[in-house]
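Student: any chance you could fold what I've pasted below:
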Amino acid sequence: MSENATDPIQPAHPWTRYVAVGDSFTEGIGDPEPSAQGGNRGWADRLAEELARTSSDFAYANLAIRGRLLDQIIAEQIDPALELKPDLVTISAGGNDIIRRADPDAVAARLDGAIGRLADSGATVLLFTGPDIRDTPVLGAIRGRVAIFNENLHTVAKRHDAVIADMWSLRELVQPQMWAPDRLHFSALGHHTIAMMALDALNVPHDLHPMQASPLPSRTWRQARSEDLVWAREYLAPWVLRRIRRVSSGDHISAKRPVPGPVFGPGMPPGSE
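Tutor: Predicted coordinates for the structure are as follows:
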């Protein structure tokens, strides 16, 4: 090799086929984007976009469906994910079970088996803990259960050599602007922040930067009370009714990216790169 020759550019990561598994969090609810498949972008799309940026042969599938409980995710998504032969899998599951006050130890034990199957395939598995929901309306009441669940997940990850994406320690998520108007899902800013954390957990250099969201304007007590009443009517009441009727927001919804395909940013048509 001549002295003027340059070293070949090393890829920023080793993965070429990424499959995302989970519920509304992974589907991207709270981050609407009309040009994205399924109409929502979310952290998984943002993660895939960044991984694709430095890979000429990268494909991404997202099997997540809103409202799914852990047993549904295991029954409906694990086998299809393995059939796609991914070398990277992200999974966030069990949150809806914890919200319904399931035993966090039992939920983690069932998730353990699913993580084991994914890891045994040879794929890198990125496993998400739950966020610290201390100051979140409705969800704040189950903070202790989430903490117990998270401790179990660290054990599961260690057992199967999975990578942990630790949302509990991502303190930025306590900021109100990180949450969507329904206060149950993350906003575009929240999903962006989580995508950054996931890339850091995978040790992948990236071009994402913290978004400079303008601070929320100060509100009077009367304004805050009025907003709480609107939220209760438009989001909380329908959520409670679904629990009573035993229906899910994901009923009759299918995966937005059921097969691996190339990744393009929102509004960026294929071939524009």
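Student: what's the pLDDT at residue 236?
Tutor: We have a pLDDT of 50 for residue 236.
Student: show me where the stretch 101-250 of the chain has its strands.
Tutor: With DSSP state E, counting those that start in this stretch, the ranges of strands along the stretch 101-250 of the chain come out as 124-128, 163-165.
Student: sheet-wise, list the partners of the last one with their directions.
Tutor: Its sheet considered, strand 163-165 pairs with strand 124-128 (parallel) by DSSP bridges.
Student: residues making contact with the partner strand?
Tutor: Under the contact criterion C-beta atoms under 8 Å, 6 or more residues apart in numbering, strand 124-128 has outside partners 15, 25, 87-92, 115, 118-119, 153, 156-157, 160, 162-165, 167, 198, 201-202. The way it works is simple: take the backbone N, C-alpha and C, and place the C-beta from them, glycine included.
Student: let's go with 7 Å and repeat that
Tutor: Residues from elsewhere that reach strand 124-128 (C-beta atoms under 7 Å, 6 or more residues apart in numbering): 15, 87-92, 115, 118-119, 153, 156-157, 160, 162-165, 167, 198, 201-202.
Student: derive a ChimeraX selection command for the buried subset of those residues.
Tutor: In ChimeraX syntax, the buried subset of the contacts of strand 124-128 is picked out as below (16 or more other C-beta atoms under 10 Å):
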select :15,88,89,90,91,92,115,118,119,153,156,157,160,162,163,164,165,167,198,201,202
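Student: by mean pLDDT, point me to the weakest helix or strand of the protein.
Tutor: Using mean pLDDT, DSSP states H and E, the weakest-scoring helix or strand in the chain turns out to be helix 221-231, at a mean of 49.
Student: what about this structure, any weak spots by pLDDT?
Tutor: Filtered on pLDDT under 70, the chain yields the residue ranges 1-10, 137-138, 212-252, 265-273.
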